[in-house]
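Undergrad: Kindly return the folded structure for what I paste below:
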Amino acid sequence: MSLLKNLRAPLLIGGLALAVLAAGRAIAAATSNREELRAHALKNEGALARGRELFGELSCASCHGSSGQGRKNGPALTGIAARHDRAEIVRSVLEPSQRIALGWQRIRIATHDGRVLVGRLQNAIDDDQLEIITATGQRLRVSKGNVESHQLIAQSSMPDGLVEGLSKEDFAALVSYVASLE
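TA: Reported below is the predicted structural model:
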């Protein structure tokens, strides 16, 4: 029996090593794919009609408003090309947490009464209250005196890897569509 116990440890460690190796390969493949998408989208315009379809399929409008359409849980994309070059649009889609647009940083607030609130700090209502907007658009108010702790969240609410399954042509189409929003 002790022989079996002794053999299990190397098997578990070996299995963990294989899992770590596989995860490393997956990260390298995703990074390589992202760089291929980036290079293609920077050099090639995509089909606007296909980009519009992808914008809907990927549910971009569920957070980003444009031309009065969509929700307001992400920065408005109307006129984005006037504010950012194509490289920045590509970077924003591929690496949403690298640089979060001003005013869209999320915060986690723990309250003295045991609640944990996550959302975007909207504003200070007055000297005593803060207002945050949750991912569902709900506005919550919390008394500053009830805040036990708060922490900025470094990760964007836009999911990482959102476009990893797209072809280079589809990604270029999505970027071209977003850049065309006026």
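
Undergrad: can we go C-alpha only for contacts and neighbour counts from here?
TA: OK.

Undergrad: for the most centrally placed residue in the chain, what are its contacts?
TA: In the chain, the C-alpha nearest the mean C-alpha coordinate belongs to residue 158, at 2.3 Å (Cα atoms, centre = their mean). Residue 158 makes contact with 96, 97, according to Cα atoms under 8 Å, 6 or more residues apart in numbering.

Undergrad: three-state assignment of it?
TA: For residue 158, the assignment made with DSSP: H, G, I helix; E, B strand; the rest coil gives coil.

Undergrad: Name the nearest residue to residue 149, sequence neighbours excluded.
TA: residue 110 (5.2 Å; Cα to Cα, 6 or more residues apart in numbering).

Undergrad: and if you look at residue 118?
TA: Closest to residue 118 by Cα to Cα, 6+ apart is residue 108, at 4.5 Å.

Undergrad: and that neighbour, how many residues sit next to it?
TA: One way to gauge burial is a neighbour count; for residue 108, by other Cα atoms under 10 Å, it gives 17.

Undergrad: Show me the beta-bridge partners of it.
TA: With DSSP bridges applied, the residues forming beta bridges to residue 108 are residue 118, residue 151.

Undergrad: which residues touch it?
TA: Residues in contact with residue 108, defined by Cα under 8 Å, 6+ apart, are 116, 117, 118, 119, 150, 151, 152, 153.

Undergrad: ditto for residue 96
TA: 155, 156, 158, 159, 160.

Undergrad: Quick one, which of the residues you listed are buried?
TA: The neighbour-count criterion (16 or more other Cα atoms under 10 Å) marks 156, 158 among those as buried.

Undergrad: mind putting the contacts of residue 96 in a markdown table, distance to residue 61 included?
TA: Output for the contacts of residue 96, formatted as a markdown table (distance: Cα to Cα, whole Å):
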| residue | distance to residue 61 |
| --- | --- |
| 155 | 20 |
| 156 | 16 |
| 158 | 12 |
| 159 | 14 |
| 160 | 16 |
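
Undergrad: Which member of the contacts of residue 96 is positioned nearest residue 94?
TA: Lowest distance from residue 94 to those (Cα to Cα) belongs to residue 160, with 7.2 Å.
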